[in-house]
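got a predicted model here, sequence first, then my questions.
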Amino acid sequence: MSLPKINSYTIAGLLFGLSLLPLRAVPATGTIFPKLAQSQLEGTLPETENRVLLVDFWASWCAPCKASFPALDQLQADYGPRGVVIVGVSVDEKASAYTAFLKQHAPKFTTVRDQAHKLVSAVKVPAMPTSFVIGRDGRIRAVFAGYHGEQTEKAVRTALEQALAERSAP
């Protein structure tokens, strides 16, 4: 069996075509995370000024998201008293799905809904769930795509400890 010949024009065409595909590059660590208060989120946001944040994007239809909620509750219990603010951001389009999920799981951390998908689009969330650890200065310290049980929880705890150890923002 012989393979077809590929010339430089074919390769150039393929590369050009690939360049037209939208890239879902997650913002790099060190970049500014969008302000939650300016993202048209449904729900009441906690005070986040000069706080370490854990922003977790989730959806009611996402099995790993459901699995992550007990870990997020434990993180809230362990790190809330130390000043960490956890905000779960639902990307559910239907308010009824969001409300039913919250009723069933009763999270101990703040949840809001990104019905307009403004925030989830701005940060180019690669998977559900995805968590961002954000330092007091508003810059991304770590990104965790997906939920992999204890492995994810341990890595998030390490990132939170590091963010808490940093000096306060001026």
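Looks like it came in fine.

helices along this structure, start to end?
Using DSSP state H, the helices found in the chain span residues 8-19, 63-79, 95-105, 118-122, 150-165.

do you know which of these lies nearest Leu36?
Ranking these by proximity to Leu36 (C-beta to C-beta) places helix 118-122 first, at 7.3 Å. Every C-beta, even on glycine, is put in place using the N, C-alpha and C of the backbone.

for that closest one, packing partners?
If you count contacts as 3 or more C-beta pairs under 8 Å, 6 or more residues apart in numbering; DSSP states H and E, helix 118-122 packs onto no helix or strand.

any chance of the helices of the chain in a markdown table, plus mean neighbour count?
Converted to a markdown table, the helices of the chain look like this (neighbours: other C-beta atoms under 10 Å):
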| stretch | mean neighbour count |
| --- | --- |
| helix 8-19 | 9 |
| helix 63-79 | 18 |
| helix 95-105 | 15 |
| helix 118-122 | 16 |
| helix 150-165 | 16 |
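
and Val89, which of the ones you listed is closest to it?
Smallest distance to Val89 across the helices of the chain (C-beta to C-beta): 6.2 Å, for helix 118-122.

who's in contact with the closest one?
Helix 118-122 is contacted from outside by Pro34, Leu36, Ser39, Gln40, Leu41, Phe57, Val89, Val91, Asp114, using C-beta atoms under 8 Å, 6 or more residues apart in numbering.

do stretch 58-67 as well
Stretch 58-67 has contacts (C-beta under 8 Å, 6+ apart) with 68-69, 88-92, 97-98, 100-101, 105, 128-129, 146-147, 149.
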